[in-house]
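> sequence isn't available, so here's the structure alone:
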């Protein structure tokens, strides 16, 4: 898309008119053509209807620049100004809005590259540019969201929701499949009425229905989901594992470190005893008849103490490892599909496995006589298990309903439930693992899916278009199960780092810009933005909208004559 530079004139406090840069470049290019034809400066001024003194001032301005004449001519031409405009806007979008470098570093880049000869590089000038860029981003987000929502196909979505306190209380809601940020709004409270007010406004105009919300156990948020949203509340797996870690794993780690310290101290004591005995053997001390050798009983006792300390450390290490394995096993069990066999599991079996791992952790906690607060945390985590079972049952019921609406024959319907949907669930889990860890899941998914479309397969007789439609539907249904709001936690972490670097998150425009950049500018490896994945259609270019809205910064009144450095 071509760069568009507005020829709107800017005001000036003095009496002299300041020409717009694009208009000035165009007129000066015409004057150059007349000058090459042998037309005098006075005649050219009359033809172009420009004061001769203005042409002389433009000539003098360019002569004062110490840059290469060809470079000066380029950056005072229409194509050169278009390039300069795009460069400055890109610096503000990438360095300030995405990279959190700050306006002063943009000024430094312009100075080091020598572009400060052709565009104002002072902090005040670039601050005004940045304000225009941010206002353009906010306007683009508002207009483009409304346009895309108007043409959005109907869909059922899940929301991951949480609060962040960086730069003030902020309510966050993200659609996890597309990673589109539906809500990121500063608020005065986090009760259910506040959630309702902000979410209702955020969802206005969107052709979607929220069927599920994955979050922590915040009372206000759960009340909003139950009473206002009318969706299924899905618990966050991380908070369950985190509570178990704080309840048992952390105290056991303290005990293990204390045992390791005791081993070190016992070994040092034994070493000193050996050194004392060696010294005594080299120079035997005089003793009376009937007195036993000094140090012999002490050595045996210290050796026994070392063995006991090592055994205690090994025992605590083994128990801590068992706790860690049990906590990880809870995450392994809480899946819609069995990761070893590729078959769907019901909520009761999953809940039973989770309860068994929690019981193992509780037994260790009781054996170690951990504090009552630790057991209370363990019980808090255990209270979430019925909600995890309810989530599996909700997802199963929703999947059955959606497959029933496809009106498939029994063999194809069974294949959807037993093989096709589980295969895409395995692919989804594999995408969150490393390449090596995901190989087995990818292979299992292929073994489930490939026979369906081969000769004699349940879906072989369908047309290629119908097969592709079923694959797309199965992939969509495999994403209904959302067990974590980690994308919201990741966003909170990003905002925390951003606030630590430059502050400014308490300004509504800055937070709105960060949301717009997340939704409409950042892309995944496939080149799609979150907005494109959420709305099902490609949005207009945000950068092109910025170029159309923000004009090129003015040239410095007194350009520097020497390059920096």
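That came through, no problem. All values derive from a computational prediction rather than experimental measurement.
> going by C-alpha atoms from here, please, whenever you check contacts or count neighbours.
Will do.
> pull the residues that contact stretch 469-477.
The contact list for stretch 469-477 (Cα atoms under 8 Å, 6 or more residues apart in numbering) reads 399, 416, 420, 421, 424, 425.
> close enough to count as contact, the third one and residue 446?
The reference is to residue 420. No. With contact defined as Cα atoms under 8 Å, residue 420 does not reach residue 446; the gap is 9.7 Å.
> between these two, who's got more neighbours?
residue 420 (26 against 17; other Cα atoms under 10 Å).
> could you work out the most separated pair of the contacts of stretch 469-477?
Greatest spatial distance in these: 399 and 424, 13.3 Å, computed using Cα to Cα.
> so for the two, which sits in the more crowded spot?
residue 424 (25 against 21).
> related to what we said a few turns ago, now render the contacts of stretch 469-477 as JSON lines, adding distance to residue 135.
Shown next, in JSON lines, are the contacts of stretch 469-477 (distance: Cα to Cα, whole Å):
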{"residue": "399", "distance to residue 135": "43"}
{"residue": "416", "distance to residue 135": "48"}
{"residue": "420", "distance to residue 135": "47"}
{"residue": "421", "distance to residue 135": "44"}
{"residue": "424", "distance to residue 135": "42"}
{"residue": "425", "distance to residue 135": "41"}
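> those strands in this protein, which residues are they?
For the chain, the strands defined by DSSP state E occupy 155-164, 170-175, 180-186, 208-215, 232-235.
> which other residues reach the longest one?
The set of residues that contact strand 155-164 without belonging to it, under Cα under 8 Å, 6+ apart, is 169-176, 190, 207-216, 221, 480, 482, 484-485, 487-489, 492.
> just the fourth one next, same as before
Contacts of strand 208-215 with the rest of the structure, by Cα under 8 Å, 6+ apart, involve 154-162, 221, 225, 229-236, 482-485.
> any of those buried? List them.
Buried members of the contacts of strand 208-215, counted by 16 or more other Cα atoms under 10 Å: 157-162, 221, 225, 229, 231-236, 482-485.
> re the thing from before, just the ones in helices from the contacts of stretch 469-477, please.
Under the assignment DSSP state H, the contacts of stretch 469-477 contribute 399, 421, 424, 425 to helices.
> what is the burial count for the nearest residue to the third one once chain neighbours are set aside?
The one in question is residue 424. In space, residue 424 comes closest to residue 475 once its chain neighbours are excluded; the distance is 5.4 Å by Cα to Cα, 6 or more residues apart in numbering. Residue 475 is flanked by 19 other residues according to other Cα under 10 Å.
> next one: residue 369
Residue 369 has 11 neighbours, counted by other Cα under 10 Å.
> kindly report the same for residue 26.
Count around residue 26 with other Cα under 10 Å applied: 14.
> what pLDDT does the model give it?
Here the pLDDT value assigned to residue 26 is 80.
> do the same with residue 562
pLDDT for residue 562: 54.
> going by residue numbers, what spans are helices in the stretch 101-250 of the chain?
Taking DSSP state H, counting those that start in this stretch to define them, one finds helices in the stretch 101-250 of the chain at 103-112, 123-150, 192-203, 219-223, 237-244, 250-282.
> the third one to helix 123-150, inter-axis angle?
Yep, that's helix 192-203 we're talking about. Angle between the axes of helix 192-203 and helix 123-150 is 80 degrees (criterion: axes from the mean of the first three to the mean of the last three Cα atoms, to 10 degrees).
> quick one on the thing from earlier: for the strands of the chain, give me JSON lines that also has distance to residue 117.
Listed next are those as JSON lines, based on distance: least, Cα to Cα, whole Å:
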{"stretch": "strand 155-164", "distance to residue 117": "44"}
{"stretch": "strand 170-175", "distance to residue 117": "42"}
{"stretch": "strand 180-186", "distance to residue 117": "40"}
{"stretch": "strand 208-215", "distance to residue 117": "52"}
{"stretch": "strand 232-235", "distance to residue 117": "58"}
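> closest to residue 72 out of those?
strand 180-186 (44.3 Å).
> where does the stretch 251-400 of the chain dip in pLDDT?
Applying pLDDT under 70 to the stretch 251-400 of the chain flags residues 280-298.
> isn't residue 97 right up against residue 511?
No. Assessed by Cα under 8 Å, residue 97 is found out of contact with residue 511, at 10.1 Å.
> follow-up on the earlier one: in CSV, list the ones in helices among the contacts of stretch 469-477 along with distance to residue 407.
Output for these, formatted as CSV (distance: Cα to Cα, whole Å):
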residue, distance to residue 407
399, 13
421, 16
424, 21
425, 22
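> going by distance to residue 26, which of these wins?
The shortest gap between residue 26 and any of the ones in helices among the contacts of stretch 469-477 belongs to residue 424, at 58.4 Å (Cα to Cα).
> now do the same contact list for the closest one.
Counting by Cα under 8 Å, 6+ apart, residue 424 touches 445, 474, 475, 478.
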